[in-house]
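Engineer: Just the structure for this:
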Amino acid sequence: MTEITASLVLQIVQTIALIVGIVYYITIMRNSQKAQHEAEKTRRNELVYQKVQNISLEYAKTFNEVMIMKDWNDAEEWEEKYGQENNVEAFSKWNYVIRHYQLAGLLLKQGADPEIIFELYPDGAVINLFELYEPVLEYMKSEKSWDIENLENLYSMAKMRRPDIGKKVR
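Structural biologist: Sure thing, here's the model as predicted:
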C-alpha cells in the first residue's frame with residue numbers, strides 16, 4: 001500500500017495547481033479572443049454608421065443621375081458617351097456611385113452585419129445598379145483591370161435575398 005507522505009501530498013497539490021492554472025489561462029485566452037472579435041465587429045459597424053452619416057442629398061441626386069444614364073447599347077457605346085476621356089463629369093458621378101457600392105461590398109466581406117449594409121444599400125438598388133451596368137463593369141474589369149469583386153459579391157448576396165428583383169432595368 002502507498003504511504004501518504006508530505007512529498008506525495010505536495011506533488012498532488014502542485015499537479016492540481018498546474019491544471020487549474022492551465023484551465024484559467026485557456027479561459028482568459030478565450031475571453032480575450034471573444035472580446036477582440038466583438039471589438040472588431042463593433043469597429044466595422046461603426047464604419048458602416050459613419051458611412052450612413054455621409055450619405056447626403058447630393059449622393060441621392062448623383063445616384064439617380066447615374067441610374068437614368070440608359071441611352072447606350074453596349075460597353076463601347078457607354079465608353080463613348082460617359083467614359084473618363086469623353087465625359088469627365090458623368091464618369092466621375094458613375095465612378096463615385098460604383099465606389100460607394102464597392103465599399104459596401106468590402107464592408108460586407110469584412111464581416112459587417114448584412115442587415116445594416118442592406119438597410120443602407122437596399123437590395124433593389126444594388127441589383128438594379130449592377131444589372132444596368134453589368135456590361136460596363138465587365139468591360140472595365142477586362143479592359144481597364146478594375147477589381148469589382150466586392151461589388152459582385154454584394155450583388156450576389158442581394159440577389160440571394162431578393163431573387164424576384166432585377167433583369168428589367170433597361
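
Engineer: Could you use CA atoms for every contact and neighbour count after this?
Structural biologist: Fine.

Engineer: Quick one: list the elements packing against the longest helix seen in the chain.
Structural biologist: Ranked by residue count under DSSP state H, the longest helix found in the chain is helix 6-54. When contacts are defined as 3 or more CA pairs under 8 Å, 6 or more residues apart in numbering; DSSP states H and E, helix 6-54 packs onto helix 114-120.

Engineer: pLDDT (mean, whole number) over the helix it packs on?
Structural biologist: If you average the pLDDT over helix 114-120, you get 87.

Engineer: what is the mean pLDDT for the helix or strand following it?
Structural biologist: Where DSSP states H and E defines the elements, the next helix or strand beyond helix 114-120 is helix 123-143. Averaged across helix 123-143, the pLDDT comes to 94.

Engineer: List the contacts of helix 123-143.
Structural biologist: With contacts defined as CA atoms under 8 Å, 6 or more residues apart in numbering, helix 123-143 is touched by 67, 70, 74-75, 78, 101, 146-148, 151-152, 154-155, 158-159, 161-162, 165-167, 169-170.

Engineer: repeat for stretch 107-117
Structural biologist: With CA under 8 Å, 6+ apart, stretch 107-117 has contacts from 41, 44-45, 48, 104, 150, 153-154.

Engineer: What remains of the residues you listed if I keep only buried residues?
Structural biologist: In the contacts of stretch 107-117, burial by neighbour count holds for 41, 44-45, 48, 104, 150, 153-154, counting by 16 or more other CA atoms under 10 Å.
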